[in-house]
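Enquirer: my questions are about this predicted structure, shown below with the sequence.
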Amino acid sequence: MDFTFSDEQQMLRDMLARYLDEQYDFDSRMKAVASADGWRPGCWQAFASELGILSAAFPEEQGGLGGGAVDNLIVMEAFGRALVIEPYLSTVVFAGGLLKRSPGALASDIIPRIMAGEVRIAWAQSEAQSRYCLHAVQLSAQRDGDAFVLNGHKTLVLDAPFATHLLVSVRSAGQRRDRDGISLLLVDKASAGLRTQDYPTVDGGRAAQVWFEDVRVPAANLIGAEGQGLALIEAVFDEALLAQCAEAVGIMQKMLDDTVAYAKERRQFGIPIGSFQALQHRMVDMHIHIQQASGLTYMATLKLAGTPHERAMAASAAKVRVGKALRAVGQGAVQIHGGMGITEELAVGHYFKRATVIEQQFGSVDHHLRRYSELAGEAAHES
């Protein structure tokens, strides 16, 4: 498979890396995390207008720059290196991915506003006891004329404090774990009856609990066919999972770079600890983990256009490899730094926190091993 970037993708990569190096240093990021807002709206507007990265992955016919999933990987890997906290994954990859697969009046209205930086969308999927099951949906949506009436609760809605809208999976028919009867609705966060409880996450982000009490949502805000939203969710979920794997690659590469630099400076017994063969071997192992994780992530991304089985198996295989690499690289970075590795003042500790969250987010290693095994068994049975 060809992993060579196009000229446009290489320009995107270089431009974004240069901007983040100049504008998104660690101290600025930590000030934003500690602020009341919890993010940097000015950077989000720069992503939209100055850099145009919010348009990169949208097709030209929808006003974008004609990119796709690989462009999302380029952006997310750069964001991982800088520990960017702005809601690109939830807004552009998740919500944008769903909208561009569902052309119509709603997509024509919202996508340009996403690209302009005006609309930010959080994905409200998780519920109590749903774990990693995408079709464990209980939040009810009853049809009432030209609207749906929502009642229920969503948990751990990442980026909700920054959002103008929520993309909500709802149960419009059937029982809690039925695969059919799931619909997708775009909900204005200012809707009457919608209540949130915001809180910070351990990795520097923000999330919210969200309650819906007789929240009326226009039927025109339905994404895809009523009751048939699960296949759409699964397709975009795998694309977002791989985008986050790319973020993990960026995080791991930054942890390794910082660890190598520290090992060259830190002296013990009068010599740099980087000259110790045991630590050299450890850092080489970290490098190998990163290269394997990166290669499998890009290979899986090129399979997103395949059958649902091929796509899902490739995504789970990548997540397993990335999850194992995150643990090995993160632990290696912290241990080589010693006690400094877990202090608030040193960047590597914050990268380790984000790595630990990603390891579990969208499914743990064990979950994706089971998913891969089940999909492989189904494929073997069908053949």
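Expert: Perfect, thanks for sending it. Residues are numbered from 1 along each chain as shown.
Enquirer: surely E213 is in contact with G152?
Expert: No - with contact defined as Cβ atoms under 8 Å, E213 does not count as touching G152 (9.0 Å). Every residue, glycine included, has its C-beta placed from N, CA and C.
Enquirer: pick out whichever of the two has more residues nearby.
Expert: Counting neighbours by other Cβ atoms under 10 Å for E213 and for G152 shows that G152 has the greater number, 19 against 13.
Enquirer: wasn't that one part of a strand?
Expert: Yes - the secondary structure assignment for G152 places it in a strand, going by DSSP: H, G, I helix; E, B strand; the rest coil.
Enquirer: spit out the contact partners of the nearest residue to it once chain neighbours are set aside.
Expert: Beyond its immediate neighbours in the sequence, the residue positioned closest to G152 (Cβ to Cβ, 6 or more residues apart in numbering) is L139, lying 3.1 Å away. With contact taken as Cβ atoms under 8 Å, 6 or more residues apart in numbering, L139 is in contact with E127, L150, N151, G152, H153, K154, V168, S169, V170, R171, F212.
Enquirer: quick check: phi and psi at L139.
Expert: phi -60, psi 120 (degrees, to the nearest 10).
Enquirer: over to the one 10 residues further on?
Expert: For V149, the backbone dihedrals are phi -110, psi 120 (criterion: degrees, to the nearest 10).
Enquirer: for S130, which non-adjacent residue is closest in space?
Expert: With Cβ to Cβ, 6+ apart as the criterion, S130 has its nearest non-adjacent residue at 3.8 Å, and that residue is A136.
Enquirer: can you list the residue ranges for strands in the stretch 251-383 of the chain?
Expert: Applying DSSP state E, counting those that start in this stretch to the stretch 251-383 of the chain gives strands spanning 267-268, 271-272.
Enquirer: weakest of these in terms of mean pLDDT?
Expert: Between the strands of the stretch 251-383 of the chain, the one with the least mean pLDDT is strand 267-268; it has a mean of 87.
Enquirer: show me the domain layout of the chain.
Expert: 7-119, 123-223, 230-382 (automatic domain parsing).
Enquirer: if we can go back for a sec, next, format the strands of the stretch 251-383 of the chain as CSV and append mean neighbour count and distance to N221.
Expert: As requested, those are arranged in CSV below (neighbours: other Cβ atoms under 10 Å; distance: least, Cβ to Cβ, whole Å):
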stretch, mean neighbour count, distance to N221
strand 267-268, 10, 61
strand 271-272, 12, 59
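Enquirer: what's the distance between F237 and E374?
Expert: Separation of F237 from E374 (Cβ to Cβ, to the nearest Å) stands at 16 Å.
Enquirer: higher neighbour count, these two?
Expert: Taking other Cβ under 10 Å, F237 and E374 do not tie; F237 has more neighbours (21 against 13).
Enquirer: in the strand or helix carrying the more buried one, what counts as buried?
Expert: Per DSSP states H and E, F237 falls inside helix 230-265. By neighbour count, and taking 16 or more other Cβ atoms under 10 Å as the criterion, the buried residues in helix 230-265 are 230, 232-256, 258-260, 262-263.
Enquirer: likewise for stretch 308-320?
Expert: Going by neighbour count (16+ other Cβ under 10 Å), the buried part of stretch 308-320 is R311, A312, M313, A314, A315, S316, A317, A318, K319, V320.
Enquirer: please apply the same query to stretch 359-369.
Expert: Neighbour counts using 16+ other Cβ under 10 Å place E359, Q361, F362, G363, S364, V365, H367, H368, L369 of stretch 359-369 among the buried residues.
Enquirer: for it, how far is the first residue from the last?
Expert: Stretch 359-369 has an end-to-end distance of 13 Å (criterion: Cα to Cα, to the nearest Å).
Enquirer: quick check: mean pLDDT of that stretch?
Expert: Looking at stretch 359-369 alone, the average pLDDT works out to 95.
Enquirer: for stretch 149-158, same thing?
Expert: For stretch 149-158, mean pLDDT rounds to 97.
Enquirer: what do you get for stretch 44-58?
Expert: Along stretch 44-58, the predicted confidence averages to a pLDDT of 95.
Enquirer: how long is that stretch from one end to the other?
Expert: Terminal residues of stretch 44-58 lie 17 Å apart, using Cα to Cα.
Enquirer: quick one: that stretch to chain centroid distance?
Expert: On the basis of Cα atoms, centre = their mean, to the nearest Å, the separation between the geometric centre of stretch 44-58 and that of its chain is 17 Å.
Enquirer: next one: stretch 116-132
Expert: On the basis of Cα atoms, centre = their mean, stretch 116-132 sits 11 Å off its chain's mean C-alpha point.
Enquirer: great, nothing more from me.
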